[in-house]
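Undergrad: this is a predicted model, with the sequence first.
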Amino acid sequence: MKINIKTVTRGCRPSQASGKSSTAQRLKIRSILVPIDFSAPSIKALEYAALFAKQFGAKLTLLHVVEPTGTPDFMAAFPIVMENDELVRASEEHLRTVAGKCGIERGLVEKNLVRTGVPYHEIANAARTLKTDLIIIATHRNTGLKHFLLGSTTERVVRHASCPVFVVREGEREVIEGI
Ligand code: ADP
């Protein structure tokens, strides 16, 4: 069978079409966003992110999103605001220590961010404004009522993110050497 080279290389960048991709092109990953909800899968994603950061010479930004508590109309806003403020403060505190607890070098973490809002929305927004090169996120394979009603944060991040997303799934084959 005769293969038309023009057809095969259509859609490739010029250097790929000329076979230079493996030597002339490199992945440029300088900043990695790691959304953390403090669950075990999100800590595992952080461990993957630390290895990516080391291999690519990148820096990590850890992000936790505090979901605002619904404020009933009949209640004064003040106590709820206080509650959210406390949650934000506690999350900032917790986020600052999480990398150290996993044995991740301090120098790899550039920023610890706490935002308030809907997690997938804040994660996608942060990636866009920070010009993140890669998001590394976990998925829990949730099947319960919360998942049915609220959907998956990870699925939505994949759909809305402005950069590539690396998903660490529970129970998958490890690709970390030395495990
Ligand atoms: P799934 O997407 O598998 O249904 P979740 O939606 O509960 O499960 O969360 C998946 C991942 O999304 C978490 O491991 C975490 O990385 C990220 N995530 C979820 N909620 C938050 C949050 N409030 N702040 C930061 N990251 C979050």
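TA: Thanks, I have the structure now.

Undergrad: low-confidence stretches in this structure?
TA: Within the chain, the ranges that satisfy pLDDT under 70 run 1-23, 69-82, 141-143, 145-151, 179.

Undergrad: enumerate the residues of it near the ligand.
TA: 35-37, 39, 41-42, 45, 63-65, 67, 119, 137-140, 142, 147, 152-154 (CB under 6 Å from any ligand atom). Yep, even glycine has a C-beta here, placed from its N, CA and C like the rest.

Undergrad: buried subset of these?
TA: 35-37, 41-42, 45, 63-65, 119, 137-140, 153-154 (16 or more other CB atoms under 10 Å).

Undergrad: may I have stretch 106-119 as CSV, with CA atoms only?
TA: Provided in CSV are the C-alpha atoms of stretch 106-119 (Å, rounded to 0.1, in the frame of the first residue of the first chain):
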residue,chain,number,x,y,z
ARG,A,106,10.0,23.1,51.1
GLY,A,107,11.7,24.7,48.0
LEU,A,108,9.4,22.9,45.6
VAL,A,109,6.3,24.7,46.9
GLU,A,110,6.0,28.2,45.6
LYS,A,111,2.5,29.2,46.8
ASN,A,112,-0.2,27.9,49.2
LEU,A,113,-3.5,29.3,48.1
VAL,A,114,-6.9,29.2,49.8
ARG,A,115,-10.0,30.4,47.9
THR,A,116,-13.7,30.3,48.6
GLY,A,117,-16.2,29.1,46.1
VAL,A,118,-17.1,26.1,43.9
PRO,A,119,-14.0,23.9,43.8
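
Undergrad: and the helices in the chain?
TA: 5-9, 14-17, 21-24, 40-56, 77-101, 119-129, 145-150, 153-160 (DSSP state H).

Undergrad: need the ones you listed in TSV with distance to Leu108, can you?
TA: Formatted as TSV, the helices of the chain follow (distance: least, CB to CB, whole Å):
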stretch	distance to Leu108
helix 5-9	39
helix 14-17	31
helix 21-24	27
helix 40-56	5
helix 77-101	7
helix 119-129	18
helix 145-150	31
helix 153-160	22
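
Undergrad: closest to Glu172 out of those helices?
TA: Smallest distance to Glu172 across those (CB to CB): 10.1 Å, for helix 40-56.

Undergrad: what are the buried residues along that closest one?
TA: 41-53, 56.

Undergrad: can you list contacts of that helix?
TA: Defining contact as CB atoms under 8 Å, 6 or more residues apart in numbering, one finds that helix 40-56 is touched by 27, 29-30, 32, 34-36, 58-60, 62, 98-99, 102, 104-105, 108, 134, 136-140, 166, 168, 170, 176.

Undergrad: just the ones in strands from these, please.
TA: Cross-referencing the contacts of helix 40-56 against strands under DSSP state E gives 32, 34-35, 59-60, 62, 134, 136-139, 166, 168.
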